[in-house]
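Colleague: Let me see the structure of the following:
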Amino acid sequence: MEISNDIILTDTHTHIYYHLGTEKLDQQIQRCLDHHIKRLFLPNVDTESIDAVFGTAKRYPDLCFPMLGLHPCSVKENFKGELQTIHEAIEKSKIYAIGEIGIDLYWDKSTLAWQQQAFRTQIQWAKEMSLPIVIHCREAFDEVFEVLDEMNDEKLFGIFHCFTGTLDQAHRAINLGFKLGIGGVVTFKKAGLDAVVKEIDLQHIVLETDAPYLAPTPYRGKENESSYLIYVAQKMAELHNLSVEEIAAITTQNSKEIFGI
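Modeller: Purely as a prediction, here's the structure:
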């Protein structure tokens, strides 16, 4: 497929920083540039990943943009100490979102109360700093919406990362001020996400990979990387009967509105 060299695709959610200090990082960044992915937003997961997030952003300051937060799967008994360390790092550095944060009931339901507390705390940070939040929600739509409804005001906005919900859940998220982060799952034949995304106005959508997870078709089941965002963009173009260039322009503009850059 011929694609204009002028287009800019934005991966709003990639853990490419896992490869910091290896040749793999430089190789993956080069493949991103080869496939027009020129903006990458890096979500933190815990205190141990902070240095890698900032280190990658420092290595590629024109391409990579950091965000900090405590991933719900990293919320353990010591979560308050983890939050304090992350907050101290935020105070010292420029970030573009609080994330990824939220609730995950797939792996461990026993930590729900801690996850809710950590989620609320970090939403409050975002409001105080006028930053977006990037939400991780897995088998927890009801629980996430409960917190968002409780804290909803004009300062609440961001991205529902890896959105895989129903059309009703999509509209509910949009009405709360969120864009939907659409990644490789939209290319899976039996996932059903394509039917939902087809009904959503593109002004409410941003693209992502969640690399190294959730690789799109034709790489499903293999390690994902940010350069594969091109396959997500091609699927979106197919669903909305537009060119990849148009998808890139709209979704990158949406990402600028969220992240302020």
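Colleague: mean confidence for the longest helix that the chain contains?
Modeller: Secondary structure of the chain read by DSSP state H shows that its longest helix is helix 112-129. Throughout helix 112-129, pLDDT has a mean value of 98.
Colleague: what's it in contact with?
Modeller: Contact with helix 112-129 is made by 69-70, 72, 75-77, 79, 83, 87, 90, 97-98, 101-105, 131-133, 143-144, 147-148, 150-151, 153, 155-156, 158, as judged by Cβ atoms under 8 Å, 6 or more residues apart in numbering. In this view, the C-beta of every residue, glycine as well, is placed from N, C-alpha and C.
Colleague: isn't Asp34 right up against Ser227?
Modeller: Yes - judged on Cβ atoms under 8 Å, Asp34 makes contact with Ser227 at a distance of 7.0 Å.
Colleague: Show me which of those two is the more surrounded one.
Modeller: The residue with more neighbours, out of Asp34 and Ser227, is Ser227; 23 against 10, by other Cβ atoms under 10 Å.
Colleague: Make sure the more buried one is indeed in a helix.
Modeller: Yes - with DSSP: H, G, I helix; E, B strand; the rest coil as the criterion, Ser227 is part of a helix.
Colleague: Tell me who's in contact with the closest residue to it other than its chain neighbours.
Modeller: In space, and not counting its chain neighbours, Ser227 is closest to Arg31: 3.8 Å by Cβ to Cβ, 6 or more residues apart in numbering. Counting by Cβ under 8 Å, 6+ apart, Arg31 makes contact with 225-227.
Colleague: residue boundaries of the helices in the stretch 101-250 of the chain?
Modeller: Applying DSSP state H, counting those that start in this stretch to the stretch 101-250 of the chain gives helices spanning 112-129, 141-151, 167-175, 193-198, 229-240, 244-259.
Colleague: Could you export these as a markdown table, including distance to Glu208?
Modeller: Shown next, in a markdown table, are those (distance: least, Cβ to Cβ, whole Å):
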| stretch | distance to Glu208 |
| --- | --- |
| helix 112-129 | 19 |
| helix 141-151 | 17 |
| helix 167-175 | 15 |
| helix 193-198 | 13 |
| helix 229-240 | 7 |
| helix 244-259 | 9 |
